[in-house]
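1. Okay, structure incoming, though there's no sequence with it:
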């Protein structure tokens, strides 16, 4: 089965008529994703990419049965878009937008949780269940259907890892980019839990980076509850403290959030951590004994 | 984004939080009259963004206005060397002169985001004046925390904070009001860190913010134009400032392999793999997912301005954008900028063969590779003088 997304998922694209939204919606449709509608306030009644456009997410849910949303809305309006989707009853909300204020995300996250929805991102590449569908901006051709779950805080580094897996014949069940911001919808642990319960997933690749304590928390969970092999890579061993490395959340502060600390925690939890980003696939292959 | 102490204190006063009387100046000739106005006994404080200025001699007490002038001469226009400035130090361009307070007690007060809890924490401690990391390490029991839900501090929480500082009577009431105002400021102004260290109780029984530090959420500056205007990048690395003008994510480091990568995670991983093969990265640089001609050109400019850079390593994972287009862009950018150092390029993605062919035929010393390891190994070798 894959997690979060499969062929039955009915996707609405918020911001479908914008440049980014339009481009990626087309790619998603081409990949076979079940995109049922778009939403752009003020453009309701139009048709875009052969899909009906609505003014509100509520209408898209009511008329097209949308149960998942992907958001390509500019940062000042993105948190509102997330809250609108949750309010409309959408159960999976993927927010691609980068640069959303922290206070906006604190509010949006609380709202999403209160409605029992799952949010992925923001500031993320989205997710893909190879062969079933994609809600994201990743290049679909590097993915291959299979049994490896992938979770990552990064975009292109995920593509790098997935490319290695595919070239070694290790297909993926679902790959989830959870995003590089300080406050994100779903954490490593949230996604690990789903992979733990997923029959298709036999092992997991987890790609972390400096900043915060999400990897340490994930290590604790893996040690006590996770029953599948995990291979990891942590980016930022050479990053200096106090400097933000591109992602809003990638910063070592007050001695916390270092790559060393995260690697140590993961290794203590039995996770094999790849020494170099070039051997993530190879490391997993060794762990699986293939 | 950081602001200076005197600017942070202006925000505090706007929210009704008392600070000592004082005035900021960049002129030695004004010091005496300012100090006289404030009653003679004053504190002269260097206005720099770097932390650790107290220990570095940037904060001095003067008992008279004449002494204030002497003290100011040793601070204003001079360089300050703190643990955050590095060996280059920073020049003190402004000083804040404040009336000296009669301190009865000092406290620490701070608001930060707890990423794991996804909430702000309001922290107080009776160990004022100490760095918070030190307090957390040496007196963890003396650090009292309140987790704030709903982006609003409730009065009972403000009372808990004040009770835990052992305050009573009128001072307690003042502190409760101050905590409520401070949290309101933190949320309304989209601060990422708000600190008063120390907050003091004066011998006269008043609660005053003796120091103030506010950092703002860069992502929210679009809705605070007045705060965005306060940006002072004079203490930042010159290349970093220039890179920001081009909207490039760039962090200067000390090594000799200049990196140009699309995506922040891959950019960090590229730095790591350079070190893995025995070299040192000269920088972090994320040119964004698309890697357009314009961003690549600007990135080349920044990298080549760094004289420590012996070789440029370009690592592009072509996602949606085709590799032949990226290769054309790299060649175009390289000829416009006039690249004078060897360039190692690792390019993968759609049309990668066509892309590499374009690079091979270009009139530059381009080394092209398919894998990250080969490219990093070659770049490290070249950075050490090999060829």
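-> Okay, I see it. If you're wondering where the values come from, they're calculated on a predicted model, not measured in any experiment. Numbering: from 1, shown residues only, chains lettered A, B, ... in the order given.
2. Can you pull the poorly scored residue ranges out of the chain?
-> Just going to use chain A. Where chain A drops to pLDDT under 70, the residues are A:290.
3. Hmm, no, I was thinking of chain B.
-> B:289-291, B:320, B:386-387.
4. residue boundaries of the helices in it?
-> In chain B, the segments counted as helices under DSSP state H are B:5-14, B:31-37, B:65-73, B:132-138, B:155-164, B:169-188, B:225-228, B:238-245, B:264-276, B:293-305, B:323-337, B:352-360, B:372-383.
5. Same list, those helices, but as JSON lines with mean neighbour count and distance to chain A please.
-> In this view, the C-beta of every residue, glycine as well, is placed from N, C-alpha and C. Conversion of those to JSON lines gives the following (neighbours: other CB atoms under 10 Å in any protein chain shown; distance: least, CB to the nearest CB, whole Å):
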{"stretch": "helix B:5-14", "mean neighbour count": "19", "distance to chain A": "16"}
{"stretch": "helix B:31-37", "mean neighbour count": "19", "distance to chain A": "33"}
{"stretch": "helix B:65-73", "mean neighbour count": "19", "distance to chain A": "29"}
{"stretch": "helix B:132-138", "mean neighbour count": "14", "distance to chain A": "5"}
{"stretch": "helix B:155-164", "mean neighbour count": "17", "distance to chain A": "16"}
{"stretch": "helix B:169-188", "mean neighbour count": "19", "distance to chain A": "6"}
{"stretch": "helix B:225-228", "mean neighbour count": "12", "distance to chain A": "12"}
{"stretch": "helix B:238-245", "mean neighbour count": "15", "distance to chain A": "9"}
{"stretch": "helix B:264-276", "mean neighbour count": "28", "distance to chain A": "2"}
{"stretch": "helix B:293-305", "mean neighbour count": "20", "distance to chain A": "13"}
{"stretch": "helix B:323-337", "mean neighbour count": "20", "distance to chain A": "11"}
{"stretch": "helix B:352-360", "mean neighbour count": "18", "distance to chain A": "11"}
{"stretch": "helix B:372-383", "mean neighbour count": "23", "distance to chain A": "4"}
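6. Now residue A:168: closest residue in space, sequence neighbours ignored.
-> residue A:281 (4.7 Å; CB to CB, 6 or more residues apart in numbering or on different chains).
7. tell me which parts of the stretch 51-200 of chain A are close to chain B?
-> A:75-76, A:99-104, A:106-107, A:109-110, A:137-139, A:141, A:152-160, A:163, A:180, A:182-183 (CB under 8 Å from any CB of the partner chain).
8. Please name the nearest non-neighbouring residue to residue B:160.
-> Residue B:160's closest residue in space is residue B:146 (CB to CB, 6+ apart), at 6.0 Å.
9. In contact with the closest residue in space to residue B:176 that isn't next to it in sequence, which residues?
-> Closest residue to residue B:176 apart from its sequence neighbours, by CB to CB, 6+ apart: residue B:158 at 4.5 Å. Contact partners of residue B:158, counting by CB atoms under 8 Å, 6 or more residues apart in numbering or on different chains, are B:175, B:176, B:177, B:179, B:180, B:183.
10. wouldn't the fifth one be in contact with residue B:153 here?
-> Yes. Shown here, residue B:180 and residue B:153 form a contact pair, counting by CB atoms under 8 Å, at 5.9 Å.
11. Show me the helices in the stretch 1-150 of chain A, by range?
-> All helices of the stretch 1-150 of chain A, identified by DSSP state H, counting those that start in this stretch, fall at A:19-30, A:57-64, A:75-87, A:102-114.
12. who does the second one touch, helix- and strand-wise?
-> Judged by 3 or more CB pairs under 8 Å, 6 or more residues apart in numbering or on different chains; DSSP states H and E, the packing partners of helix A:57-64 are strand A:11-14, strand A:35-39, strand A:51-54, helix A:75-87.
13. What of the first one?
-> Contact analysis of helix A:19-30 by 3+ CB pairs under 8 Å, 6+ apart lists strand A:11-14, strand A:35-39, strand A:133-136 as its packing neighbours.
14. what's the residue of the stretch 1-150 of chain A found nearest chain B in contact with, if anything?
-> Closest approach of the stretch 1-150 of chain A to chain B (CB to the nearest CB) occurs at residue A:101, with a separation of 3.6 Å. Contact analysis of residue A:101 by CB under 8 Å, 6+ apart lists A:75, A:79, B:190, B:217, B:219, B:220, B:223.
15. still on that earlier bit, any idea what the residue nearest to residue B:160 is bridged to?
-> residue B:122 (DSSP bridges).
16. So what does the residue of the stretch 1-150 of chain A closest to chain B look like in phi/psi?
-> For residue A:101, the backbone dihedrals (degrees, to the nearest 10) come out as phi -60, psi 140.
17. still on that earlier bit, which of the residues of the stretch 51-200 of chain A next to chain B are buried?
-> Neighbour-count burial (16 or more other CB atoms under 10 Å in any protein chain shown) is assigned, among those, to A:75-76, A:99-104, A:106-107, A:109-110, A:137-139, A:152-160, A:163, A:180, A:182-183.
18. Identify the bridge partners of residue B:366.
-> Going by DSSP bridges, residue B:366 forms beta bridges with residue B:343.
19. Next one: it from residue B:83, what distance?
-> Distance, residue B:366 to residue B:83, by CB to CB, to the nearest Å: 42 Å.
20. Looking at the two, which is more packed in?
-> More crowded of residue B:366 and residue B:83, by other CB atoms under 10 Å in any protein chain shown: residue B:366, with 22 against 10.
21. Give the full set of residues in contact with the more buried one.
-> Taking CB under 8 Å, 6+ apart as the definition, contacts of residue B:366 comprise B:343, B:344, B:345, B:359, B:360.
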